[in-house]
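Engineer: Got a predicted structure here, sequence first:
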Amino acid sequence: MELAQMKGLIIAATVLGASQALAADPDHGADLAKRWCAACHLVDGAQKQASADVPSFAMIAQKSDFTPEKVAFFLLDPHPKMPNFPLSRSEAADIAAYIGSLRK
């Protein structure tokens, strides 16, 4: 496959992912975040304790380059600093939508 074709597929996948993010459920994302993420991140204002060396969800939402699509992709891509959670694409989109709902 040519590089140009691969770029086209990546763009198409991004567009499709963006349409899935529109259907994401931030309330379900909040529930998932409390279950999976609250051990390390401050996921809501009521939470009192989390790891000091990780950003809160509110801080993530305020980043200038924040998009729900980026966060969902990040959650699905294995990375060494976080545990590998068995999230589905819709669950990752829901968590990303919840984080996006915290953006001011």
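Structural biologist: That came through fine.
Engineer: Hmm, residue 97 and residue 61 touching each other?
Structural biologist: No: using Cβ atoms under 8 Å, residue 61 is not in contact with residue 97, being 10.7 Å away. Every residue, glycine included, has its C-beta placed from N, CA and C.
Engineer: Which one's more surrounded, these two?
Structural biologist: Set residue 61 next to residue 97 and count neighbours by other Cβ atoms under 10 Å: residue 97 wins out with 22 against 19.
Engineer: In terms of helices and strands, where is that one?
Structural biologist: Here residue 97 sits within helix 89-101, counting by DSSP states H and E.
Engineer: Same question for residue 51.
Structural biologist: Counting by DSSP H and E, residue 51 is part of no helix or strand.
Engineer: and the nearest residue to residue 84 once chain neighbours are set aside, how many residues sit next to it?
Structural biologist: Using Cβ to Cβ, 6 or more residues apart in numbering and skipping residues adjacent in sequence, the residue nearest residue 84 is residue 78, 5.4 Å away. By other Cβ under 10 Å, 8 other residues sit near residue 78.
Engineer: try the one 3 residues further on
Structural biologist: Close neighbours of residue 81, defined as other Cβ under 10 Å, add up to 7.
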